[in-house]
Every structure is written in structure tokens, then in C-alpha cells.
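Engineer: Please find the sequence and the predicted model below.
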Amino acid sequence: MDEIRHRDREGTRRRILDAARRLFTELGYDQVTMRLLAAEAGANIALINRYFGTKRELFAEVLAMQGRFPGVLEVSEEELPRRLAEYVAERLRSERGSPVMAALVRSSSCSEIHEIIRDRVASAILEPLAARLPGPDATFRATVATALITGAGTLSRLYGPDALESPGHEAVVRRLTMVFEACLKA
């Protein structure tokens, strides 16, 4: 009986997280209500409150579950500018885009969650990138690179996969590599 209850609890928790991710991505933080979340997840509001506390805490967990900068930073220092360029170029031409970026863009006007958004960007991109860079101004250089990365995500969300009219993917990667080399250089 305890195993069934545990499985149901995990299943319900997963349904709530999945529904929250979909809704925050599609509608943004302000437009998502606890009632809408409950209906989408097939759960009651009391369970959402029990598992996650507030809507703000649920939003933070949705962002956290998206993971860090997947595989981008696990390259040598010399390869890092090109790897970042490839990541951004792929984001620019992606049909799907990043659900995290969509949720952030659609929710950015809500001051209630600005701290969560800043913390998420810092922990997922800025801090791991700064930790990889040598020199005393590593955080500044990582901040400039993060601005390029998040700006590209915003551009992609606004314009879709046709955000860039370019001579080709490799040309975009080469140009972005030069930009990242300039901003990451000590």
C-alpha cells in the first residue's frame, strides 16, 4: 500500500511539474493560476500546495528541472568559443527553442520572480562559464557571453527558426565564434 501511495505521489508530482512547464512556457508566470495548473495536471490545488508550496516555488522548480547548460562547457578552453557559437547557432535555427527561455521571456515582466530568473541564469550559464575562464575579470566576460546567449534565445523566440538570413549554418558559427573569442578573451 505504501508503495502504491508513493508511486501515486510521484506520478501526481510529475503531472503537476509537466503541466506547470507547459503552462509557464506557453502563457508566462502571470497568466498561470493555481486553478489552471490543477485542471491541467488533473490534481487538486491542495496537492500542488503540499508538494510545491507557492506558485513562485513551483516556477523555480520548473526552471531548475531543465538542467544546466547541457554539454556546452565540457570542452577545452580553446574549443569553448566555437562550442558556445554552435550552441547559439543551433538555438537560432531550432523550431522548438528552449522551454526555459520561453518561460523566462513570457514571465520577465513579473517582478515577483525576477530574483528566480536572475538566480536561474546565474546558476545555469553565468557562474559555470565564469568558473571556466581565467583572469580577474572572468565574471564580466562571462556576463557578456551570457548576454549574447540569452539574447539569441530571445531573438529565436520572437522570430522563430528564420531569425537569421545567413549564407548557412557554418557561416553563422564562424561569425559567432569570433564574437565569443572576443568577449571571452582575458
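Structural biologist: Happy to help now that I have it. Just so we're clear, the structure is a prediction, and the values are computed from it rather than from any experiment. Numbers count the residues shown, from 1 in each chain.

Engineer: Let me know whether residue 36 touches residue 24 as I believe.
Structural biologist: No. Using CB atoms under 8 Å, residue 36 makes no contact with residue 24, being 10.8 Å away. For the C-beta atoms, the positions are set from N, CA and C on the backbone; glycine is no exception.

Engineer: Summarise which helices and strands the longest helix along the chain is packed against.
Structural biologist: Across the chain, the helix with the greatest residue count (assigned by DSSP state H) is helix 2-27. Contact here means 3 or more CB pairs under 8 Å, 6 or more residues apart in numbering; DSSP states H and E; on that basis helix 2-27 packs against helix 34-41, helix 45-52, helix 55-64, helix 99-107.

Engineer: which one of these lies closest to residue 17?
Structural biologist: Nearest to residue 17, of all the helices and strands packed on helix 2-27, is helix 55-64, at 6.4 Å by CB to CB.

Engineer: Okay, buried residues for the closest one please.
Structural biologist: Neighbour-count burial for helix 55-64, with 16 or more other CB atoms under 10 Å as criterion, is recorded at 55, 58, 59, 60, 61, 62, 63.

Engineer: Quick check: the second one vs residue 48, distance?
Structural biologist: Spelled out, it's residue 58. Taking CB to CB, to the nearest Å as the measure, residue 58 and residue 48 are separated by 7 Å.

Engineer: sorry, back to before: more crowded one of residue 36 and residue 24?
Structural biologist: For residue 36 versus residue 24, the count of surrounding residues by other CB atoms under 10 Å is larger for residue 24: 26 against 14.

Engineer: Give me the nearest residue to the more buried one, chain neighbours excluded.
Structural biologist: What sits nearest to residue 24 in space, not counting adjacent residues and going by CB to CB, 6 or more residues apart in numbering, is residue 103, at 4.3 Å.

Engineer: So what's the residue count around the residue nearest to residue 169 when sequence neighbours are not counted?
Structural biologist: Leaving aside its chain neighbours, residue 169 sits nearest to residue 89 (6.0 Å; criterion: CB to CB, 6+ apart). By the other CB under 10 Å criterion, the neighbourhood of residue 89 contains 22 residues.
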